[in-house]
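Colleague: Here is a sequence together with a model predicted from it:
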Amino acid sequence: MGILDARNATRFVREFILLGFPWHREIQVLLFVIFSIIYFLTLLGNTSIICAVWSSLKLHTPMYILLANFSFLEICYVSSDVPKMLANLISQNKSISYTGCLLQFYFFSMCAAEGYFLSAMSFDRFLAICRPLHYPTIMTYHLCVRLVICCWAGGFLSILMLAVFMSWGPFCGPNIIDHFFCDLGPLLALSCVPIPKTTLTCATVSSLIIFNTFLYILASYTLLLHAVLRVPAGSGRNKAFSTCASHFLVVSLFYGSVMVMYVSPGSRSHPGTQKFVTLFYCMATPFFNPLIYSLRNKDM
């Protein structure tokens with residue numbers, strides 16, 4: 001009976017209040033303008049990459065197909081929380097429904113697929129540089145399509161389990177989230193009763209996704225660096241370094257911010273730090289990624 005009452009407690013919470021950035025009105029309006037410009041440019045940059053890959057036959061290669069899907073993923077997850085954050089900056093009503101909060105958490109957490117796509121892109125670069133003669137026969141169009149499907153499916157399914165566990169958690173108040181979107185940590189902190197299994201499961205799944213993909217990418221780049229250093233100094237080595245530099249920079253931005261968000265214990269105890277890191281991750285990295293790939297890539 002106690003378990004049933006705990007589950008029925010979710011009925012008491014029909015909405016959450018996102019505090020966001022509780023600063024002066026003038027500062028909130030200024031942030032709205034700045035964030036709106038960044039959001040628009042982020043959509044424009046990633047959409048441009050998708051259109052370029054779609055329209056140019058020269059870019060119908062595995063590397064650019066993966067890049068186009070990567071850009072579409074960034075459009076999806078940046079649109080899961082930024083529009084609501086912008087609306088809260090200029091509105092007095094900062095509420096979000098219970099269902100909307102869970103959906104926002106789910107679609108933002110789809111960034112897990114970003115780790116899979118970065119792993120697939122590192123695999124593609126490894127084959128192109130370390131196995132150049134075998135690259136056309138290994139990295140075929142069909143293999144590229146299978147990699148894309150696996151990345152999307154892995155992102156949807158791994159985060160679906162977390163969203164289901166979160167929906168089982170009893171929330172009966174308070175309903176105030178000291179964040180600008182429904183993130184994992186603030187939601188777990190509002191649970192009426194201790195949910196150690198859900199917390200442990202969420203932490204385990206998140207850590208496995210982050211560390212497994214990161215270690216795979218790190219191993220790929222170790223082998224890449226070893227292969228590049230064996231190339232005689234000159235245009236060949238410079239081209240190899242230039243090919244991987246963009247991808248490595250994006251990997252650094254992604255995993256640097258994600259590990260501070262979900263791995264560093266200190267970031268969770270300071271809401272201000274968590275907001276800043278999350279803001280950098282959800283706005284700065286999608287904004288810079290199109291610039292990194294387009295400015296350092298002659299074909300693009």
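Modeller: Thanks, I have it. Here the structure is a predicted model, which means the values were calculated and not measured.
Colleague: For stretch 273-291, buried residues please.
Modeller: Using 16 or more other CB atoms under 10 Å as the test for burial, stretch 273-291 gives 274-275, 277-279, 281-283, 285-287, 289-290. In short, each C-beta sits where N, CA and C put it, glycine included.
Colleague: Also stretch 135-153?
Modeller: Buried residues in stretch 135-153, counting neighbours by 16+ other CB under 10 Å, are found at 135, 139, 143-144, 147-148, 151-152.
Colleague: ok, now stretch 69-85?
Modeller: 69-71, 73-82, 84-85.
Colleague: where does the chain have low pLDDT?
Modeller: 1-12, 169, 173, 193-196, 231-243, 261-272, 295-297 (pLDDT under 70).
Colleague: re earlier: now intersect the buried residues of stretch 135-153 with the strands, please.
Modeller: Using DSSP state E, no member of the buried residues of stretch 135-153 falls in strands.
Colleague: Looking at the residues you listed, which is nearest Leu160?
Modeller: Closest approach to Leu160 among the buried residues of stretch 135-153 (CB to CB): Trp152, at 12.2 Å.
Colleague: Near the closest residue to Ser97 other than its chain neighbours, how many other residues are there?
Modeller: Nearest residue to Ser97 in three dimensions, chain neighbours excluded: Glu15, at 5.1 Å (CB to CB, 6 or more residues apart in numbering). For Glu15, the neighbour count with other CB atoms under 10 Å is 15.
Colleague: What separation is there between Glu15 and Ile177?
Modeller: 11 Å (CB to CB, to the nearest Å).
Colleague: Show me whatever sits in contact with both of those two.
Modeller: Counting by CB atoms under 8 Å, 6 or more residues apart in numbering, the shared contacts of Glu15 and Ile177 are Cys101.
Colleague: neighbouring contacts of stretch 50-65?
Modeller: Residues outside stretch 50-65 that contact it (CB under 8 Å, 6+ apart) are 67-68, 71-72, 121, 124-125, 128, 139, 141, 143-144, 147-148, 299-300.
Colleague: try it again with 10 Å
Modeller: Residues from elsewhere that reach stretch 50-65, judged by CB atoms under 10 Å, 6 or more residues apart in numbering: 49, 66-72, 75, 120-121, 123-125, 127-128, 135, 138-141, 143-145, 147-148, 243, 247, 290, 293-294, 297, 299-300.
Colleague: what are the ranges of the helices in the stretch 151-300 of the chain?
Modeller: 184-189, 196-229, 235-262, 265-269, 271-279, 285-295 (DSSP state H, counting those that start in this stretch).
Colleague: tell me what the longest one is packed against?
Modeller: Pointing back at helix 196-229 there. Contact partners of helix 196-229 among helices and strands, from 3 or more CB pairs under 10 Å, 6 or more residues apart in numbering; DSSP states H and E: helix 112-130, helix 141-168, helix 184-189, helix 235-262.
Colleague: Quick check: the residue nearest to Ser97 touching Cys182?
Modeller: No - taking contacts as CB atoms under 10 Å, Glu15 lies outside contact range of Cys182: 11.1 Å.
Colleague: what touches both of the two?
Modeller: Common neighbours of Glu15 and Cys182 (CB under 10 Å, 6+ apart) are 96, 98, 100-101.
Colleague: Could you work out the most separated pair of those residues?
Modeller: Ile96 and Tyr98 (8.3 Å).
Colleague: Which one's more surrounded, the two?
Modeller: For Ile96 versus Tyr98, the count of surrounding residues by other CB under 10 Å is larger for Ile96: 22 against 18.
Colleague: returning to that earlier point: can you list residues touching both of Ile96 and Tyr98?
Modeller: With contacts taken as CB under 10 Å, 6+ apart, the residues that reach both Ile96 and Tyr98 are 15-16, 175, 182.
Colleague: The residue nearest to Ser97: what's it in contact with?
Modeller: Counting by CB under 10 Å, 6+ apart, Glu15 makes contact with 93-101, 175.
Colleague: measure it to Pro83 for me?
Modeller: From Glu15 to Pro83 the distance is 17 Å (CB to CB).
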